[in-house]
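Participant: sequence unavailable; structure follows:
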């Protein structure tokens, strides 16, 4: 049960965020005055109508210098540079001041999970950070958050040539961390290697493990629950991005959008829907000045709704997947999360693939943990999507070799094979 001290601190921090946040118009004007990128985009006139400003797409960054995005006011104060994965072929550059980089830690102070996190770290300070430490900022941000909360952190990286799965599994066995940060599929790979190569240590590793922080890969609520049940842990899945940690995962079961962000939704034709509903998400960071993100089309398909969360958060988001990978069935827009939510109701699987044809859906699933009758999964898919569905169970590692380094980001799990497909497959996975 959360104490009064934690609730007061959250209320104070939320109030501070709102106080420091600029209005969308003020941030747009700041960006126009201080960055070459926005000055070229908006022109010489002062910003007066935010709703008439053009959207910023990832493609716009392809040929621009990263320094065009850097604020002239803060160019001597930035200490970090990062880029998005760039799976569209257009990595987005991001600069950070020390204060901005500290945002992940401040976010953890807002979280209702903060008090139990600190209690767990008092019992066992050891943490293994298996998130990417290359161009993106996620690995560095989570390491900073964990160390500032009292953790002893090993930065193992994300299944790279330096930190291949077998080596990371060995490190987990030797360290027996209380907390692991990593992509969900990477985590399952490490745990399977431990079970096979260190059978006498596996139960001890699981007993020591208390929290999995996952990000960098879409993870539905049903998948989160299956991982929690399999390992007896708390699984905190974060919907975040290099451009800023704009959501907070809550024990209420929702992912909340923080008041430091102004979010808009657009339809398939980029016509404004508003703040709530289902559509393509566009974000404006109301605090980040070193690299302003104004009407930045993050372009995930999401559902945004008001929240009545008892912890005091007012807005929630359900990510569905990247918009360019959406599929339309019976004039309804779906994405990978809609399929994954059904799949993981019926067991814990490793990697998976969904193939959509004109007359059927084929699902390939890697077996991992306890699995229900696949016929029930097929029936629910048929009811939801109006197409016959067939699920096929494969040995774990058939789709993604779990002992090999990861050569691509696992985002392409839903493939539309129909002639009517509008999917745009990313250049780099």
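Facilitator: Yep, it's here. Quantities reported herein were computed from a predicted structural model and do not represent experimental measurements.
Participant: specify the local secondary structure of residue 390.
Facilitator: Judged by DSSP: H, G, I helix; E, B strand; the rest coil, the three-state class of residue 390 is strand.
Participant: does it touch residue 362 like I think?
Facilitator: Yes. Using Cβ atoms under 8 Å, residue 390 is in contact with residue 362, at 5.5 Å. No exception for glycine: its C-beta is placed from N, CA and C like everyone else's.
Participant: overlap of the contact sets of those two?
Facilitator: Taking Cβ atoms under 8 Å, 6 or more residues apart in numbering as the contact criterion, residue 390 and residue 362 have no common neighbours.
Participant: longest helix in this protein, by residue count?
Facilitator: helix 4-20 (DSSP state H).
Participant: look up how far residue 142 lies from residue 136.
Facilitator: In this view, residue 136 and residue 142 are 11 Å apart by Cβ to Cβ, to the nearest Å.
Participant: same question for residue 392.
Facilitator: For residue 392, the distance to residue 142 - Cβ to Cβ - is 35 Å.
Participant: more neighbours: which of the two?
Facilitator: With neighbours defined as other Cβ atoms under 10 Å, residue 392 and residue 142 compare such that residue 142 has more, 29 against 10.
Participant: pLDDT at residue 257, what is it?
Facilitator: We have a pLDDT of 95 for residue 257.
Participant: partner residues bridging the nearest residue to it once chain neighbours are set aside?
Facilitator: In this structure, residue 257 finds its nearest non-sequential neighbour in residue 315, 4.5 Å apart by Cβ to Cβ, 6 or more residues apart in numbering. Assessed by DSSP bridges, residue 315 has beta-bridge partners residue 306.
Participant: is residue 315 in contact with residue 260, as I believe?
Facilitator: No. Using Cβ under 8 Å, residue 315 is not in contact with residue 260, being 11.8 Å away.
Participant: which residue lies nearest the spatial centre of this structure?
Facilitator: The residue lying closest to the centre of the chain (Cα atoms, centre = their mean) is residue 239, at 3.1 Å.
Participant: in which helix or strand would I find that residue?
Facilitator: Remark: residue 239 resides in no helix or strand, with elements defined by DSSP states H and E.
Participant: I'd like the numbering to begin with 809 instead of 1 from here.
Facilitator: In the new count, where the first residue is 809, that last one comes out as residue 1047.
Participant: mind listing what it touches?
Facilitator: 1023, 1055, 1057, 1063, 1125, 1127.
Participant: SS state for the closest residue in space to residue 968 that isn't next to it in sequence?
Facilitator: Closest residue to residue 968 apart from its sequence neighbours, by Cβ to Cβ, 6+ apart: residue 1213 at 6.0 Å. What three-state DSSP gives for residue 1213 is coil.
Participant: quick check on residue 1213: phi, psi?
Facilitator: Residue 1213 adopts backbone torsions of phi -70, psi 150, taken as degrees, to the nearest 10.
Participant: need the next SSE after the lowest-mean-pLDDT helix or strand in the chain, C-terminal direction.
Facilitator: For the chain, counting by mean pLDDT, DSSP states H and E, helix 911-918 ranks last in confidence among helices and strands (a mean of 88). Next in sequence after helix 911-918, counting helices and strands by DSSP H and E, comes helix 922-931.
Participant: that next one packs against which elements?
Facilitator: Helix 922-931 sits against strand 987-989, with contacts defined as 3 or more Cβ pairs under 8 Å, 6 or more residues apart in numbering; DSSP states H and E.
Participant: for the contacts of residue 1047, work out which two are farthest apart.
Facilitator: 1023 and 1125 (14.4 Å; Cβ to Cβ).
Participant: and those two? which has more neighbours close in?
Facilitator: residue 1023 (24 against 20).
Participant: tell me, how many residues neighbour the closest residue to residue 922 other than its chain neighbours?
Facilitator: In space, and not counting its chain neighbours, residue 922 is closest to residue 916: 5.6 Å by Cβ to Cβ, 6+ apart. Applying other Cβ under 10 Å, we find 21 residues neighbouring residue 916.
Participant: try residue 1014
Facilitator: Residues lying near residue 1014 (other Cβ under 10 Å) number 16.
Participant: which of the three states applies to it?
Facilitator: Residue 1014 - assigned by three-state DSSP - is helix.
Participant: same thing with residue 890?
Facilitator: Three-state call for residue 890 (three-state DSSP): strand.
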